[in-house]
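> got a predicted structure plus its sequence, pasted below:
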Amino acid sequence: MSLRRLSVVVAEDSALYRQMLLNVLQRIPGVEVVGVAADGIEALAKVVEFQPDVLTLDVQMPQLDGLGVLRELRRRGSRTKAIMVSSLTAAGAPTTVEALLEGAFDVVPKPVGVDPHVARVAIHEALVEKLAAVADTLLGPTATEGSAGPAPDRVGSRAIDAVAIGTSTGGPQALRSLIPALPADLPVPLFVVQHMPAGFTASLAARLDDLAPLRVVEAVHGMPVTAGCVHVAAGGWHLTVDRQREAVQCVLDAGPLRLGCRPSFDSLLESLVPVYGSRLMAVVLTGMGHDSLAGCRVVKAAGGFVVAQSAAGCTVYGMPKAVAAAGLADAVLPLESIPAAITACVRGRSPR
């Protein structure tokens, strides 16, 4: 895969994984490793020295851990994109999620307990995808893509009964801004699909629950759908819903990947439309790819309401761009305006 030329610093305290990352990155066209660090302090020094496009950052390192490095980079106003390389452990997952909430670009899980060749292939595939996304962000949106449009007055007196939010790269930080800004008395269920490896979404839900007035949970199979609760799709599972008489419940499905994603936002939306119809609101936030397009077509066909995040605040303007470019967005809004738009729609007002 050919990428825009990217400079990379590798920060990893394990000599084994450090060499594996170097071997993998050297095989990706257009990528140049300009520096290597074995601890957090050295990582900061290498970023200052080389000003790389990307820093691959281990979560747990001596001297200064990955989260500490990330916070210091933000304090200094660094433009380097940090990709967290994390083991899925009791300590690693919450720290990695906190790093994503703090603005890390994305995460690549370290395969554990597998053949070294299998691990290399998995890391290679993940890094090719993440680095392609970084290259896209460095090109920047066009002026037209960066503009936000007002929402037309088409909600009227019809209140929204459910809200579904889909996001990928940059999503944790966007959710950290959006979810805590929603009122505690919002009288509808909310659903979130965040593209994230299995094992990390429980930590994401727990952290958002700490921050938000609303209750935030990782959805489990058979869980009743509850008003005033944010149901976060579990990594590695498609989240859909099913109506049983008067009750709606969460359904987890380990079916095939869809557009390379599981959970799939398209699958969630397609299951919500038969239950909520025109009273469904879909919100598409920052993310790579177009897992949103097919589902929003179904939402629009049923008379539902679609909001896309404007380009200017997106880490990657992919998912919302696909929806807006297809003419499916009733409103294209900056992230900071979306909580008020959701609240207005739920209460039957135009989201102006």
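Ah, there it is.

> list the beta-bridge partners for Thr56.
Beta-bridge pairing for Thr56 (DSSP bridges): Val10, Ile83.

> hmm, it is touching Tyr17, no?
No - look at Thr56 against Tyr17 with C-beta atoms under 8 Å: they stay out of range, at 9.9 Å. Yep, even glycine has a C-beta here, placed from its N, CA and C like the rest.

> who has more neighbours out of those two?
Neighbour count, other C-beta atoms under 10 Å: between Thr56 and Tyr17, Thr56 has more, with 30 against 18.

> and the pLDDT at that one?
Here the pLDDT value assigned to Thr56 is 97.

> picking that back up, what residues are shared contacts of Thr56 and Tyr17?
Val85 (C-beta atoms under 8 Å, 6 or more residues apart in numbering).

> and the helix or strand harbouring Ala341, what's buried?
Using DSSP states H and E, Ala341 falls within helix 338-346. Of the residues in helix 338-346, Ile338, Pro339, Ala341, Ile342, Thr343, Ala344, Cys345, Val346 count as buried by neighbour count, 16 or more other C-beta atoms under 10 Å.

> kindly report the same for stretch 18-36.
Quick answer for stretch 18-36 (16+ other C-beta under 10 Å): Arg18, Met20, Leu21, Leu22, Val24, Leu25, Ile28, Val31, Val33, Val34, Gly35, Val36.

> my read is the last one is in a strand, agree?
When you say that, I think you mean Val36. Yes - counting by DSSP: H, G, I helix; E, B strand; the rest coil, Val36 falls inside a strand.

> dump the buried residues of helix 338-346 into CSV; add pLDDT and distance to Ser177 as well.
Listed next are those as CSV, based on pLDDT from 0 to 100; distance: C-beta to C-beta, whole Å:
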residue, pLDDT, distance to Ser177
Ile338, 97, 9
Pro339, 97, 8
Ala341, 95, 13
Ile342, 96, 13
Thr343, 95, 15
Ala344, 93, 18
Cys345, 93, 18
Val346, 94, 18
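
> which of these lies closest to His238?
Ile342 (23.5 Å; C-beta to C-beta).

> check contacts around that closest one.
Counted by C-beta under 8 Å, 6+ apart, Ile342 has contacts Ile160, Val163, Leu182, Leu186, Met281, Val283, Val307, Pro351.

> now Pro256
Arg262.

> for it, which three-state class applies?
From three-state DSSP, the assignment for Pro256 is coil.

> same thing with Asp242?
strand.

> name the nearest residue to it, ignoring sequence neighbours.
Val251 (5.1 Å; C-beta to C-beta, 6 or more residues apart in numbering).

> part of a strand, is the one you found?
Yes - under three-state DSSP, Val251 sits within a strand.

> give me the beta-bridge partners of it?
Thr240.

> from what I see, it and Thr240 are in contact.
Yes - when contacts are counted by C-beta under 8 Å, Val251 is listed as touching Thr240 (4.7 Å).

> so between those two, which is more surrounded?
Comparing Val251 with Thr240 by other C-beta under 10 Å, the one with more neighbours is Thr240, at 23 against 16.

> gap between the more buried one and Ala162?
As for Thr240, its distance to Ala162 is 13 Å (criterion: C-beta to C-beta, to the nearest Å).

> try Leu204
When C-beta to C-beta is applied, the distance between Leu204 and Ala162 equals 20 Å.

> between the two, who's got more neighbours?
Higher neighbour count among Leu204 and Ala162: Leu204, with 27 against 22, using other C-beta under 10 Å.

> got the contact list for the more buried one?
Taking C-beta under 8 Å, 6+ apart as the test, what Leu204 contacts is Val97, Leu100, Leu101, Pro172, Leu175, Gln194, Met196, Glu218, Val232.

> Pro52 is in contact with Ala43, correct?
No - taking C-beta under 8 Å as the definition, Ala43 is not a contact partner of Pro52, at 10.4 Å.
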